[in-house]
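> got a sequence here, can you model it:
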Amino acid sequence: MLAPLLFVWPISIAFTHYFANSVASFPYDQSLREHVTAISRQITFDDGRPQLAMPAVAQLFLRSDEIDNVYFHLLDGTQKKLRGDPELPVPVLPISLENKEPGEVHFRDDEFRGQTLRVAYMVLFASAQSTTPRVLIEVGETTEKRSQLANKIIASVILPQFVIIPLAVVLVWFGLSQGLRPLTRLRKRIEARREADLSPISLSRVPEELRPLTEAFNSMLARMQNNVDAQRRFIANAAHQMRTPLTGLKTQAQLAMRERDPGELRHALSQILAGVDRASRLVDQLLALERAEASGHSQQTLLALDLEPLLREIVEAWVVQALERRIDLGYEPAGAVPIVGNAFLLREMINNLLDNALRYTPANGRVTARVFAQGDFALLEIEDSGSGISDDDSHKVFDRFYRADGSDGEGSGLGLAIVREIAEIHQAAASLRPKTSGASGEAVCGCIARIVFPLRRLQPSRLPIPAAARTGFA
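Next up is the predicted model:
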């Protein structure tokens, strides 16, 4: 803030010097103008020859000046000097009427006898229509008075600045140092914190003008703390989830080492293989969740695609597993359902939905996948005839590592968390609700998992998702 002030000061001095000279010249130019006009009124023409009817006293009065020297002369149309100082410089002749009006006084700066001269001159023509000058009148004056007046003006303006500007600099510096002192204290309080301390800053000693900044900083700290807590919970839960299959693998391996019966040994090895599959599935889901979170930071991975053929392809890939579990896996075809999305992430989401539905649907059950357009939205549904879910659990199953009470299926509790993460990346809403029997509202076995996408747009839609679409029921 001080640097611009010091930079402007020389510019102010330059402008002051320029305007002071302009102001100082104005009254003296007016005086020269009056002298030239007065002389022009004393000129008469005798047989076409100009004559100056100006007494010697008047000429002496014209030249009288205590400070500056005043010069004048008259020239005829042939540049012959008629009266005055013969050495006084003349303007370039001939003088044209194109830019000179008859009787108009003009000014120029010149040099005479080693001194700067301010010259006023007028051209008199033979007639208003003539372009030939008949008389040139010049009155010149040295510029000492002008310089003295300009210096006085400059001194009266600039000298106070040598007091005011340094004083202003000191006052601004003092004001800034005092004003920034609370900010300095706040900075020191923040610097004194431990690296892991994300607690909010106390507002008791924060000045009013810094309170909005501090509140915004506290809000950021709270979000960071939530993220850190979530990461800690995730790591703790992941470690716990990994420990369980690893412990089981160790137990099964120890049992297998003690077995002598080939049948029992084969059974123990099959248990070990199943444990490895569960651990591998858990690791895959952890990696999928991490990929989904990383993709959530950028919308550049979203492209236009048709959801209908993508869902059909994935359902066909699950048919064999459904048959092995004696589950009727169906697909209800629909027309094109265009959305903006990431095919890789959508495939991961649908796989988790189908895996969840098949895992919790008993033998001879049914799982149906469908996708359709409804208004401005695209709806993806996975319906199963499993054991169903309570209203309380339907809001919690999308949390990481959460498993509903009484769950019989094997799972890590990460599948639906991955589904929600990918849905949020696509500006979609994920829900899981128990099926109802139409108008009566009576609960029946099974669940409907529903994902509501915006239909394809140039940018991901920000339209509000209807409540009926969010709940899964119209």
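
> where do the helices sit along the chain?
Taking DSSP state H as the criterion, the chain carries its helices at 2-41, 56-63, 144-191, 211-258, 262-295, 307-317, 319-324, 343-359, 391-394, 415-425, 467-471.

> including mean pLDDT, mean neighbour count and distance to Pro89, could those helices go into JSON lines?
Quick note: C-beta positions are derived from backbone N, CA and C, even for glycine. What follows is the helices of the chain, written out as JSON lines (pLDDT from 0 to 100; neighbours: other CB atoms under 10 Å; distance: least, CB to CB, whole Å):
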{"stretch": "helix 2-41", "mean pLDDT": "80", "mean neighbour count": "14", "distance to Pro89": "15"}
{"stretch": "helix 56-63", "mean pLDDT": "69", "mean neighbour count": "12", "distance to Pro89": "17"}
{"stretch": "helix 144-191", "mean pLDDT": "82", "mean neighbour count": "13", "distance to Pro89": "19"}
{"stretch": "helix 211-258", "mean pLDDT": "78", "mean neighbour count": "13", "distance to Pro89": "70"}
{"stretch": "helix 262-295", "mean pLDDT": "74", "mean neighbour count": "15", "distance to Pro89": "85"}
{"stretch": "helix 307-317", "mean pLDDT": "93", "mean neighbour count": "18", "distance to Pro89": "93"}
{"stretch": "helix 319-324", "mean pLDDT": "92", "mean neighbour count": "13", "distance to Pro89": "110"}
{"stretch": "helix 343-359", "mean pLDDT": "89", "mean neighbour count": "21", "distance to Pro89": "90"}
{"stretch": "helix 391-394", "mean pLDDT": "77", "mean neighbour count": "13", "distance to Pro89": "104"}
{"stretch": "helix 415-425", "mean pLDDT": "85", "mean neighbour count": "23", "distance to Pro89": "86"}
{"stretch": "helix 467-471", "mean pLDDT": "42", "mean neighbour count": "14", "distance to Pro89": "95"}
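
> relative to Met122, which of the ones you listed is closest?
helix 2-41 (4.9 Å; CB to CB).

> what is that closest one packed up against?
Contact partners of helix 2-41 among helices and strands, from 3 or more CB pairs under 8 Å, 6 or more residues apart in numbering; DSSP states H and E: strand 70-76, strand 105-112, strand 115-125, strand 133-142, helix 144-191.

> now the ones you listed as TSV including distance to Arg326?
As requested, the helices and strands packed on helix 2-41 are exported to TSV (distance: least, CB to CB, whole Å):
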stretch	distance to Arg326
strand 70-76	125
strand 105-112	111
strand 115-125	114
strand 133-142	120
helix 144-191	63
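
> one step back: could you save the helices of the chain as JSON lines and add columns showing distance to Tyr71?
Shown next, in JSON lines, are these (distance: least, CB to CB, whole Å):
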{"stretch": "helix 2-41", "distance to Tyr71": "11"}
{"stretch": "helix 56-63", "distance to Tyr71": "8"}
{"stretch": "helix 144-191", "distance to Tyr71": "14"}
{"stretch": "helix 211-258", "distance to Tyr71": "72"}
{"stretch": "helix 262-295", "distance to Tyr71": "90"}
{"stretch": "helix 307-317", "distance to Tyr71": "99"}
{"stretch": "helix 319-324", "distance to Tyr71": "116"}
{"stretch": "helix 343-359", "distance to Tyr71": "95"}
{"stretch": "helix 391-394", "distance to Tyr71": "107"}
{"stretch": "helix 415-425", "distance to Tyr71": "91"}
{"stretch": "helix 467-471", "distance to Tyr71": "99"}
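
> which of those sits closest to Gly446?
When the helices of the chain are compared for distance to Gly446 using CB to CB, the nearest one is helix 343-359, at 9.1 Å.

> please save the CA atoms from that closest one in CSV.
Coordinates of each C-alpha in helix 343-359 appear next as CSV, following Å, rounded to 0.1, in the frame of the first residue of the first chain:
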residue,chain,number,x,y,z
ALA,A,343,-19.3,-46.8,-18.2
PHE,A,344,-16.6,-48.4,-16.0
LEU,A,345,-18.1,-47.0,-12.8
LEU,A,346,-21.7,-47.8,-13.8
ARG,A,347,-20.6,-51.4,-14.5
GLU,A,348,-19.1,-51.6,-11.0
MET,A,349,-22.3,-50.1,-9.5
ILE,A,350,-24.7,-52.5,-11.3
ASN,A,351,-22.5,-55.5,-10.5
ASN,A,352,-22.7,-54.6,-6.8
LEU,A,353,-26.5,-54.2,-7.0
LEU,A,354,-26.9,-57.6,-8.7
ASP,A,355,-24.4,-59.3,-6.3
ASN,A,356,-26.3,-57.9,-3.4
ALA,A,357,-29.7,-59.0,-4.8
LEU,A,358,-28.5,-62.5,-5.6
ARG,A,359,-26.7,-62.8,-2.3
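
> hmm, who's touching it?
Under the contact criterion CB atoms under 8 Å, 6 or more residues apart in numbering, helix 343-359 has outside partners 285, 288, 291-292, 295, 301, 303, 305, 307, 310-311, 314-315, 318, 321-322, 325, 327, 329, 367, 369, 380, 382-384, 386, 409-411, 415-416, 418-419, 422-423, 425-426, 447, 449, 451.

> nearest to Ile201, out of the helices of the chain?
Minimum separation from Ile201 across the helices of the chain (CB to CB) falls at helix 211-258, 5.5 Å.

> one step back: which one of the helices of the chain lies nearest to Asp76?
Proximity to Asp76, assessed across the helices of the chain by CB to CB, is greatest for helix 2-41 (14.1 Å).

> so how far is that closest one from its chain's centroid?
Distance, stretch centre to chain centre, for helix 2-41: 46 Å (CA atoms, centre = their mean, to the nearest Å).

> that one vs strand 115-125, what angle?
The directions of helix 2-41 and strand 115-125 differ by 50 degrees, with axes from the mean of the first three to the mean of the last three CA atoms, to 10 degrees as the criterion.

> show me the protein divided up by domain.
Taking automatic domain parsing as the reference, the chain has its domains at 2-150, 299-471.

> make TSV from the ones you listed and add distance to Asn226 to it.
Rendered in TSV, the data for these read as follows (distance: least, CB to CB, whole Å):
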stretch	distance to Asn226
domain 2-150	42
domain 299-471	14
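
> mind checking which of those domains is nearest Pro200?
Ranking those by their distance to Pro200 (criterion: CB to CB) puts domain 299-471 first, at 25.6 Å.

> still on that earlier bit, could you point out which of the helices of the chain sits nearest Ser199?
Short answer: helix 211-258, nearest of these by CB to CB, at 7.2 Å.

> Gly248 is nearest to which of the domains of the chain?
Closest of those to Gly248 is domain 299-471, at 11.4 Å (criterion: CB to CB).

> run the chain-centre distance for the closest one.
In this view, domain 299-471 has its centroid 38 Å away from the chain centroid, taken as CA atoms, centre = their mean.

> distance check, Glu308 against Ala378.
Shown here: Glu308 relative to Ala378, a distance of 9 Å by CB to CB, to the nearest Å.

> so what sits against both of those two?
When CB under 8 Å, 6+ apart defines a contact, the residues bordering Glu308 and Ala378 alike are Val337, Val371.
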